[in-house]
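Peer 1: show me the folded form of this:
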Amino acid sequence: MRSIGYYLSRTLPAERRRALVQHLCARRCGRQALDYPGHLSHVRSMLVVLPEDVLTALCHVENILALGERFPQASVTFFCRSEVAEYFHSITADASFVEYDTSQRYLFSPAFARHGAALAHERFDLCFLLDTSPDLSVLNLVGQTAARVRAGYAEAADYPFLNHIVRVSGVATCLAERYSALARSLGAAPGQRPMLEVSREVREGVVHLLRDLRIDPDAPLAVVDACGIARALGRPWTAGLLERLRAAVPLTFCSPLAHGEPDDTGRWLAGCGVTVVPPLTVPRLAALLSRSQLVVTGNSPALQLSALLARPGVAVLASAQIGYLRSGGSVRAVCYDGAPGETTVAATVAEASRLMGPGVAGGKRNSGGR
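Peer 2: Purely as a prediction, here's the structure:
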């Protein structure tokens with residue numbers, strides 16, 4: 001049941017509701033001017049509020065790692081959806097997490113009130129709002145923290161919710177580069193660094209999984225996010241792509257099932273001639289990708305994980321999605337306008353073949369399912 005504050009706030013027009021929350025935020029945070037570098041010299045704790053979309057949140061990994069290097073003594077707490085937290089547990093092992101469900105995310109939510117009170121008790125030195133279009137309830141929670149420095153993007157909010165506002169240049173098309181403007185504004189230096197590591201225990205678990213699936217763990221492996229591609233582009237087109245890839249690239253092809261797929265998805269994938277991998281946790285998916293010689297994806301978390309793991313890959317993307325690809329990274333894009341066709345299939349196969357080069361041809365191959 002929602003609180004009476006929620007129902008009372010809903011009687012106000014949107015502008016007045018936002019003005020009310022701004023007033024409450026200003027009362028908590030005051031109007032003390034920021035003192036640089038004074039407010040950045042003894043940072044002991046940081047709160048990072050992540051975007052709710054998994055793909056967008058993963059575009060902030062370089063940004064977050066750079067901030068961690070800028071303030072190495074600070075403890076880090078993430079506030080995020082549970083689905084997003086699942087990915088960041090593997091990326092930032094030492095951080096704390098406060099997780100929520102979107103059903104709890106509304107203005108004057110009792111759950112958010114409890115989260116806000118607990119986070120305010122932590123007295124964070126820095127609060128980073130990484131969502132560019134946050135819900136008003138999230139802005140209210142940022143205000144509740146009363147962190148000395150509340151940093152975020154101009155698209156997200158203005159004062160008093162944020163007191164360090166970054167305007168992102170439209171020059172860079174890569175979202176990871178654009179978002180890293182926040183880290184740079186505070187003296188951090190985003191750059192080339194290992195961004196995702198897989199533990200030995202998880203790697204060994206994936207070796208056993210491959211053996212159970214009758215795949216030689218030492219065989220050159222191609223991982224195709226066929227479920228994600230089919231969801232976006234349809235099964236017939238995806239089946240045609242798989243057929244052409246298997247004919248052109250001498251690798252063992254496998255495809256993980258996504259959680260919540262229809263019951264017939266495994267049979268369809270097996271009929272396409274690929275080994276079907278059962279649904280995986282995020283660490284296990286990362287471990288599988290880390291063993292691959294080739295990843296083929298659409299605009300999905302597998303694309304972001306492959307880039308973070310620096311695995312060679314091809315991403316089939318609509319032209320408007322090109323910003324999700326990290327420029328200069330290991331994953332190449334094949335873009336289409338409208339709907340993909342035979343030209344897109346041919347370009348994807350050509351990119352995959354170029355990535356493999358002549359040295360893969362001698363590898364073992366297992367082209368079928370169990």
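
Peer 1: which strands or helices does the host helix or strand of residue 28 pack on?
Peer 2: The secondary structure element spanning residue 28 is helix 14-29 (assigned by DSSP states H and E). Contacting helix 14-29 under the criterion 3 or more CB pairs under 8 Å, 6 or more residues apart in numbering; DSSP states H and E are the following elements: helix 4-10, helix 136-145. All C-beta spots, glycine's among them, are computed from the backbone N, C-alpha and C.

Peer 1: hey, where'd the helices end up in the stretch 101-250 of the chain?
Peer 2: Here the stretch 101-250 of the chain has its helices, by DSSP state H, counting those that start in this stretch, at 110-122, 136-145, 175-179, 181-185, 200-212, 226-233, 235-248.

Peer 1: for the third one, packing partners?
Peer 2: Read that as helix 175-179. When contacts are defined as 3+ CB pairs under 8 Å, 6+ apart, helix 175-179 packs onto helix 61-70.

Peer 1: give me the most central residue, the protein.
Peer 2: Nearest to the mean C-alpha position of the chain, counting by CA atoms, centre = their mean, stands residue 58 at 2.2 Å.

Peer 1: rewinding a little: which strands and helices sit next to the helix or strand just after the helix holding residue 28?
Peer 2: Under the assignment DSSP H and E, the closest C-terminal helix or strand after helix 14-29 is strand 45-49. Applying 3+ CB pairs under 8 Å, 6+ apart, we find strand 45-49 packed against helix 61-70, strand 75-81, helix 110-122, strand 126-129, helix 136-145.

Peer 1: any idea which of these gets closest to residue 153?
Peer 2: Across those, residue 153 has its closest neighbour in strand 126-129 (7.7 Å, CB to CB).

Peer 1: buried stuff in that closest one?
Peer 2: Along strand 126-129, these residues count as buried under the neighbour rule (16 or more other CB atoms under 10 Å): 126, 127, 128, 129.

Peer 1: ok, stretch 280-298 next?
Peer 2: Buried residues in stretch 280-298, counted by 16+ other CB under 10 Å: 280, 282-298.

Peer 1: ok, now stretch 182-193?
Peer 2: Taking 16+ other CB under 10 Å as the neighbour-count basis, stretch 182-193 is seen to contain the buried residues 182, 183, 186, 188, 190.

Peer 1: centre of the chain to it, how far?
Peer 2: Relative to the chain's own centre, stretch 182-193 is displaced by 18 Å; criterion: CA atoms, centre = their mean, to the nearest Å.

Peer 1: repeat for stretch 254-266
Peer 2: The chain centroid and the centroid of stretch 254-266 are separated by 21 Å under CA atoms, centre = their mean.

Peer 1: how long is it from one end to the other?
Peer 2: The straight-line separation of the ends of stretch 254-266 (CA to CA, to the nearest Å) is 11 Å.

Peer 1: who touches that stretch?
Peer 2: Residues from elsewhere that reach stretch 254-266, judged by CB atoms under 8 Å, 6 or more residues apart in numbering: 213, 215, 221-228, 231, 269, 274-280, 285, 288.

Peer 1: mind checking which of those are buried?
Peer 2: 213, 215, 221-228, 231, 269, 274-277, 280, 285, 288.
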